[in-house]
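K.L.:
mind folding the following:
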Amino acid sequence: MKIFSTLSGQKEEFKPHRDVVTMYVCGVNPYADAHIGHAMSYVTFDMVRRYLEFRGYKVKHVENVTDIEDNIINYANRQGISVRELTEKFTIRYFEDMDALNILRPHFTPKATETIPEIIGMTHGLMDKGYAYEAKGSVYFRVTKMPDYGKLSHRTLDMMAAGARIEPGEEKEHPMDFVLWKTSKPGEPSWDSPWGKGRPGWHIECSAMSMKYLGEQIDIHGGGQDVLFPHHENEIAQSECFTGKKPFVKYWMHNGLLQMGAEKMSKSLGNLITIRDALQKYSADGIRLFILSSYYRNPLTYSEEAIEAAERGAERLRQAAHSECGSGEKISFEPPFLLNFTNHMDDDFNTPQAIAVLFELARAINRFRDAGRCVTLGQQLLLELAGVLGLTLKEPEKAVVGDEPVIDQLIVERKKARDAKQFQLADDIRNKLTEMGVVLEDTPQGTVWKRKK
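P.N.:
Here you go, the predicted structure:
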């Protein structure tokens, strides 16, 4: 089994440090609903975990919640609510979205605000070793002290420093020095520290949480290519300098980004489609198949046509998995299909080719069933291999003729909830209607509905 590591720039044989594979995935910044770009990353690493477990490994999976950072503070201030109220709301909604996409819950989901003692301890340790320094209540990492800084992004310090500048109010020794602890501004959340009241920098949060739950050296660290630099680069620097152990991470995995045209999908650009909106139109299987039909390290362009094609593909797999199995002699499917599937997945999680095996298996099931053979074993194998990719192949619940009064009443209840600003209840009702196969459209004239095709 081989995994492409961003650090080495090549595929490496997978040899975990210990009996349990340790995997850390950079989590969400909960200040708005998660979008399909987030789904691309978390579906990818859910697939990685599922396949490792399928191959017999035990996995310890940690995914953090960054519940204190600049964007969160700015959003909370604009909405006139506390940072905690904002982050708790969208953390709950995020995990609801992950559940809806059939993404396994991580074993640990630590919050940055719950890891302050470890962050302060790590910052203090870096200062004691000369890798960090205090300036006006903030603490910065001294990048010039680390000879191989830039090894993950394959850049030299001179390349990175070109064009970089020190912002007003910063007291950094070098333009690329990064903050470990930020002195607090009036009205911001803050914690006591040896350097005065402040809050953690973004990068050190992940290092502290990873070490707390997984130890000083881990097997896999995952995230999108957009956080490779500076976030993951800085994680390496502060972690390896703090512990004195290399490598901090054995296999760095970075998924490609979801694009809307020429730009990546992001909250800051505002060109996003939330997971909740997507699930109003498409099944979780359809969305997962859309994402996994592309090699995880490549960029993926969002289009309605592509997801609709994936939805149709998911339906073909469902039909093969649940059709009448035939009454003739049972036929075995396992040797060629299982071997081909695992060979592709062993080659750096090549899901496009693995999915092609699922469709070959589905065609074989249909062919032998039409010939009167019993295809139960093939259907069981299809469900098992699809499950490795997180596909349930379950038939979505559909509204049936005669449900119109129930649907109309639910729409009335949803309107009452929205008028009363009970938006969570309104969303729950809409999700119930979606499960029934009902698509809502809010128009100036009111809400209209139709059955999902």
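
K.L.:
which secondary element of this structure has the worst mean pLDDT?
P.N.:
In the chain, the helix or strand scored least confidently by mean pLDDT, DSSP states H and E is strand 263-264, which has a mean of 66.

K.L.:
so what sits opposite T183 in the bridge?
P.N.:
Beta-bridge partners for T183, by DSSP bridges, are G198.

K.L.:
for it, what are its contacts?
P.N.:
K136, G137, S138, W195, G196, K197, G198 (CB atoms under 8 Å, 6 or more residues apart in numbering). C-beta: built from backbone N, CA, C; applies to glycine.

K.L.:
now it: how far from E205?
P.N.:
Distance of T183 to E205, given as CB to CB, to the nearest Å: 17 Å.

K.L.:
for Q379, pull up the helix or strand it's in.
P.N.:
According to DSSP states H and E, Q379 maps onto helix 376-388.

K.L.:
name the helices or strands packed onto that helix?
P.N.:
Counting contacts by 3 or more CB pairs under 8 Å, 6 or more residues apart in numbering; DSSP states H and E, helix 376-388 is packed against helix 36-54, helix 304-322, helix 334-346, helix 351-370.

K.L.:
okay, the last one in CSV with CA atoms only?
P.N.:
In this case it means helix 351-370. Extracted C-alpha coordinates of helix 351-370, given in CSV (Å, rounded to 0.1, in the frame of the first residue of the first chain):
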residue,chain,number,x,y,z
THR,A,351,-11.0,6.1,-6.0
PRO,A,352,-11.8,6.8,-9.7
GLN,A,353,-10.5,3.4,-10.7
ALA,A,354,-12.0,1.8,-7.6
ILE,A,355,-15.4,3.2,-8.5
ALA,A,356,-15.0,1.9,-12.1
VAL,A,357,-14.6,-1.6,-10.5
LEU,A,358,-18.0,-1.0,-8.6
PHE,A,359,-19.7,-0.3,-12.0
GLU,A,360,-18.1,-3.4,-13.6
LEU,A,361,-19.3,-5.4,-10.7
ALA,A,362,-22.8,-3.9,-11.0
ARG,A,363,-22.9,-4.8,-14.7
ALA,A,364,-21.8,-8.4,-14.0
ILE,A,365,-24.6,-8.6,-11.4
ASN,A,366,-27.1,-7.5,-13.9
ARG,A,367,-25.8,-9.8,-16.6
PHE,A,368,-25.8,-12.9,-14.5
ARG,A,369,-29.2,-12.0,-12.9
ASP,A,370,-30.7,-11.6,-16.4
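
K.L.:
so for it, what's the average pLDDT?
P.N.:
What helix 351-370 shows for mean pLDDT is 95.

K.L.:
that one vs helix 376-388, what angle?
P.N.:
Between the axes of helix 351-370 and helix 376-388, defined by axes from the mean of the first three to the mean of the last three CA atoms, to 10 degrees, the angle is 160 degrees.

K.L.:
which residue sits farthest out from the middle of this structure?
P.N.:
Distance from the centre of the chain peaks at G328, with 44.4 Å (CA atoms, centre = their mean).

K.L.:
that one in helix, strand or coil?
P.N.:
Assigned by DSSP: H, G, I helix; E, B strand; the rest coil, the conformation of G328 is coil.

K.L.:
let's have the chain start at 46 instead
P.N.:
Yes, from this point I'll number from 46; that puts the last item at G373.

K.L.:
residue contacts, it?
P.N.:
By CB under 8 Å, 6+ apart, the neighbours of G373 are A416, G417, R418, C419.

K.L.:
now these in TSV, with neighbour count?
P.N.:
Formatted as TSV, the contacts of G373 follow (neighbours: other CB atoms under 10 Å):
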residue	neighbour count
A416	11
G417	10
R418	18
C419	17
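
K.L.:
can you list those residues in CSV and add secondary structure and distance to A323?
P.N.:
Shown next, in CSV, are the contacts of G373 (DSSP: H, G, I helix; E, B strand; the rest coil; distance: CB to CB, whole Å):
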residue, secondary structure, distance to A323
A416, coil, 39
G417, coil, 41
R418, coil, 38
C419, strand, 38
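
K.L.:
quick check, nearest of these to T168?
P.N.:
C419 (64.4 Å; CB to CB).

K.L.:
what score does that closest one have for pLDDT?
P.N.:
In the prediction, the pLDDT value recorded for C419 is 90.

K.L.:
surely A355 and S328 touch.
P.N.:
No - contact criterion CB atoms under 8 Å: A355 and S328 do not qualify, at 9.4 Å.

K.L.:
so for these two, which residue has more residues nearby?
P.N.:
The neighbour count for A355 versus S328, taken as other CB atoms under 10 Å, is higher for S328 (25 against 22).

K.L.:
the more buried one reaches R357, doesn't it?
P.N.:
No - if you go by CB under 8 Å, S328 and R357 don't touch, sitting 11.0 Å apart.

K.L.:
packing partners of the helix or strand just after the helix holding Q424?
P.N.:
Downstream of helix 421-433, the first helix or strand assigned by DSSP H and E is helix 449-464. Packing contacts for helix 449-464, counted by 3+ CB pairs under 8 Å, 6+ apart, involve helix 468-480, strand 491-496.

K.L.:
count the neighbours of the closest residue to S198 other than its chain neighbours for me.
P.N.:
Of all residues not flanking S198 in the chain, F274 sits nearest, at 4.1 Å (CB to CB, 6 or more residues apart in numbering). For F274, the count of nearby residues is 15 (other CB under 10 Å).

K.L.:
residues contacting F274?
P.N.:
Contacts for F274 (CB under 8 Å, 6+ apart) come out as L197, S198, R200.

K.L.:
what's near enough to touch the second one?
P.N.:
Put plainly, it is S198. Residues near S198 by CB under 8 Å, 6+ apart: L273, F274, E278.

K.L.:
and the pLDDT at it?
P.N.:
pLDDT, read off for S198, is 94.

K.L.:
cool, and the one 5 residues further on?
P.N.:
Reading off the confidence values, D203 has pLDDT 84.

K.L.:
how about a markdown table for the helices and strands packed on helix 449-464, with distance to N388 and mean pLDDT added?
P.N.:
As requested, the helices and strands packed on helix 449-464 are exported to a markdown table (distance: least, CB to CB, whole Å; pLDDT from 0 to 100):
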| stretch | distance to N388 | mean pLDDT |
| --- | --- | --- |
| helix 468-480 | 37 | 82 |
| strand 491-496 | 41 | 80 |
